[in-house]
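Visitor: 3D model of this:
(2 chains)
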Amino acid sequence: MTGITLSLTSLSYFAFILLLVPVYYLIRRERQWQVLLFASILFFIIVSGVPGIPWILLQWIVTYGGAHLMEHITSERKKKLLVTVLVLFLLTELFLLKYTKGLPFVAPIAISFYSLSVLSYVLDVYWGISAAERNPFQYLLFIGYFPQMTSGPVTRYREMKPQFQTGASFDEKLVKKGIIRTLYGVMKKCLIADQAAVMVNTIFGDTVTYQGAYVALGTMLFALQLYTDFSGCMDIILGTSECFGIMLPENFILPFSSVTMSEFWRRWHITLGVWFKEYLLYPLLKSAPMQRLNTVCVGRFGRKKGKKIPTYLGLFVVWFLIGYWHGGALHYVIGSGLLHYFYIVSGELLEPHVDQWTKKIGIDRTKGWYVCLRRLKVFLLVCSGFVFFRSETAYQGFKMLYRMILPVEGSFFRVLHVTELGLSVTGMIMMLIGCVILWSVSYLQLKGIHVRDRLLMQPVLLRYVCYVALALLTVIAMVRGYGNDVANFIYNRF
Amino acid sequence: MTREAIFEKLNEIFRDYFDDETICLTDETTADDIEDWDSLEHINLIVTIEKEFGMKFSMGEVTTMKNVGAMADIIADRI
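Guide: All right, here's what the predicted structure looks like:
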């Protein structure tokens, strides 16, 4: 994989976009999708390399043909057989290319993201939600639309097709908003994530020296790194796409403002959660065997308790697979899957009791301090999963959790030498500036303020001061990023 | 069955399912309006409605139904 030349934070990527935008808007609207297709093919070849091409083409041809065939079959049995074959084909390709070690194949970039989008298309056609696409090249654009060809978001054909079909007229405000969001994403990635990564790598890279509060600090910094890395990447992707008038679905909505783990997953990597809910959990729970189990459990334990058993069983399957999707290794299955399953189910079971207890002792659950406490709880639980996510193996994850409770140099109250964690003072200042901007923007968003719209309404001078400051910070951050070997996005590898 | 009758029956099913006598369904009611109607309850609720009306929703309908009004339209079409 050539990877670096069109990395989302590289100057060449921005040059690519700057060249593309005028060409895109000079073309007639009904032909604009062809510009995007050409750009996507170019992007794919540069970023993913030639060895990945046959695999994406195979997926394209098989599912395009399969979906058409499905529309022409009248027998329900044959239709079911065909959709099963298509789903198995997609899952096998994904499994062999992404999760099987030692095979002489090179997985195309973003295969685990676009495979989910393609699966949703096939199932939508089967369920009659979408018609099979007539134009094979517009369908190819859906699979390989370049902004999302690194880390998603997972899209649905029915949402993308109308946008590709109609194209967009030049909207100065939308393009400006797209640029602001893109720069904000680069700022998050280079100013915060890449700086935090230096300290995280030091702590997680030395499981002998660091323990106690150092590991706790490393984990919290990793939470910051992963959030700003992944959501920054999404800002660049969604911002870039906005420049072409194509709106992609949001993947993050202030996840750390969540007060329950279920809410966290409605705000973190949203398109992945929605995909697993609609295309796996719902069909699984509605399947005949699960409904039979439901009847048995309701008969045995009563309606309220009985109906929960098949639901929790279905959730277990979903969370196991969400963890597995992240990379096939046990530490992902634990850290991004089963641990979250455990927290969500525990939360569901405990919630009515906590509600009763708090009422009994007179706590108003809507009070600010209580909400903050709940947010802190969610943050810490999420961090416990991140320990496994960041570790190389499940064993290291458990080891890091254990080392977290050990004292530092014989004391629990020792001052941590944060300046000795590999990040320079300049780096720390930059990270702090980035965090202040991130916190301020998040705070305004939490209050329901559309920050970019508000910014565009400000007087010209103030607006340009903000643009210059954001651009300057971005350039500084990008220049610094070239020195680090942490410039790739974490979710690019999935 | 008239649409009004479907709505009346739906209202009864919802009240019984969520154990909440204050529920008053309208065409625009969505999962956001009923506290306990989340993704974990969605399928069980759908299956309860299917049993009560003696019909089936397709998987596509289960995931794309926008509100109770859309649900009532599908039921009216099928019974």
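Visitor: contacting residues for the residue of chain B found nearest chain A?
Guide: Closest contact between chain B and chain A, by CB to the nearest CB, is at B:G60 (3.3 Å). All C-beta spots, glycine's among them, are computed from the backbone N, C-alpha and C. Neighbour list for B:G60: A:124, A:127-129 [criterion: CB atoms under 8 Å, 6 or more residues apart in numbering or on different chains].
Visitor: now do the SS call for B:D27.
Guide: coil (DSSP: H, G, I helix; E, B strand; the rest coil).
Visitor: in what helix or strand does the residue lying closest to it once chain neighbours are set aside lie?
Guide: Closest residue in space to B:D27, ignoring its immediate chain neighbours: B:G69 at 3.1 Å, by CB to CB, 6 or more residues apart in numbering or on different chains. B:G69 belongs to helix B:68-78 when elements are defined using DSSP states H and E.
Visitor: name the residues of that helix that are buried.
Guide: Residues of helix B:68-78 classed as buried: B:68-69, B:71-72, B:74-75 (neighbour count, 16 or more other CB atoms under 10 Å in any protein chain shown).
Visitor: pLDDT of that helix, averaged?
Guide: The average pLDDT for helix B:68-78 rounds to 93.
Visitor: same deal with stretch A:333-350?
Guide: Averaging pLDDT along stretch A:333-350 yields 95.
Visitor: what residues does the stretch 1-150 of chain A have near chain B?
Guide: The stretch 1-150 of chain A has residues A:123-124, A:127-129 near chain B, with proximity defined as CB under 8 Å from any CB of the partner chain.
Visitor: got a quick ChimeraX command for the buried subset of the residues you listed?
Guide: For the buried members of the residues of the stretch 1-150 of chain A next to chain B, the matching ChimeraX selection, counting by 16+ other CB under 10 Å, is:
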select /A:123,124,127,129
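Visitor: pick the one among the residues of the stretch 1-150 of chain A next to chain B closest to chain B.
Guide: Looking across those and measuring by CB to the nearest CB, the closest to chain B is A:W127, at 3.3 Å.
Visitor: ok now do that closest one, which residues does it touch?
Guide: B:58-60, B:63 are the contacts of A:W127 under CB under 8 Å, 6+ apart.
Visitor: one more: A:L42?
Guide: Residues counted as contacts of A:L42 (CB under 8 Å, 6+ apart) are A:F146.
Visitor: where does pLDDT dip in chain B?
Guide: Within chain B, no stretch has pLDDT under 70.
Visitor: return the residues of it in contact with chain A.
Guide: Residues of chain B lying near chain A by CB under 8 Å from any CB: B:38-40, B:42-44, B:46-47, B:58-60, B:62-64.
Visitor: closest one to A:S40 out of the buried residues of helix B:68-78, please.
Guide: Using CB to CB, B:I74 comes nearest to A:S40 of the buried residues of helix B:68-78, at 37.5 Å.
Visitor: now the closest one, nearest residue through space, not along the chain?
Guide: B:I74 sits nearest to B:E61 (CB to CB, 6+ apart), 5.7 Å away.
Visitor: that neighbour sits in which helix or strand?
Guide: B:E61 belongs to helix B:59-64 when assigned by DSSP H and E.
Visitor: buried stuff in that helix?
Guide: Residues of helix B:59-64 classed as buried: B:59-63 (neighbour count, 16+ other CB under 10 Å).
Visitor: so for residue 29, what's the nearest residue that isn't a sequence neighbour?
Guide: Since you didn't name a chain, this refers to chain A. Among residues not flanking A:R29 along the chain, A:G167 sits closest, at 3.4 Å (CB to CB, 6+ apart).
Visitor: my bad, chain B
Guide: Closest to B:T29 by CB to CB, 6+ apart is B:V68, at 4.3 Å.
Visitor: and the residues of the stretch 1-150 of chain A next to chain B, which two are furthest apart?
Guide: Using CB to CB, the two most remote members of those are A:L123 and A:G128, lying 10.4 Å apart.
Visitor: any common contacting residues for those two?
Guide: Counting by CB under 8 Å, 6+ apart, A:L123 and A:G128 have no contacts in common.
Visitor: which parts of chain A belong to which domain?
Guide: For chain A, automatic domain parsing gives the domain ranges A:11-166, A:172-248+A:417-485, A:257-404.
Visitor: nearest to B:I23, of those domains?
Guide: In terms of CB to CB, the element of these nearest to B:I23 is domain A:257-404, at 17.1 Å.
Visitor: what's the end-to-end length of the closest one?
Guide: 25 Å (CA to CA, to the nearest Å).
Visitor: check whether that domain contacts chain B.
Guide: Yes - with CB under 8 Å from any CB as the criterion, chain B is reached by domain A:257-404 at A:262, A:277-278, A:281-283, A:285-286, A:291, A:294, A:307, A:311, A:315, A:348.
Visitor: from the chain's centre, how far out does that domain sit?
Guide: Here domain A:257-404 is found 17 Å from its chain centre; the criterion is CA atoms, centre = their mean, to the nearest Å.
Visitor: which residue is the nearest non-sequential neighbour of B:E50?
Guide: Nearest residue to B:E50, sequence neighbours excluded (CB to CB, 6+ apart): B:K56, at 5.5 Å.
Visitor: please apply the same query to A:R403.
Guide: A:Q211 (4.1 Å).
Visitor: cool, and A:S258?
Guide: Setting aside the residues directly before and after it, A:S258 is nearest to A:F264 in space (CB to CB, 6+ apart), at 4.0 Å.
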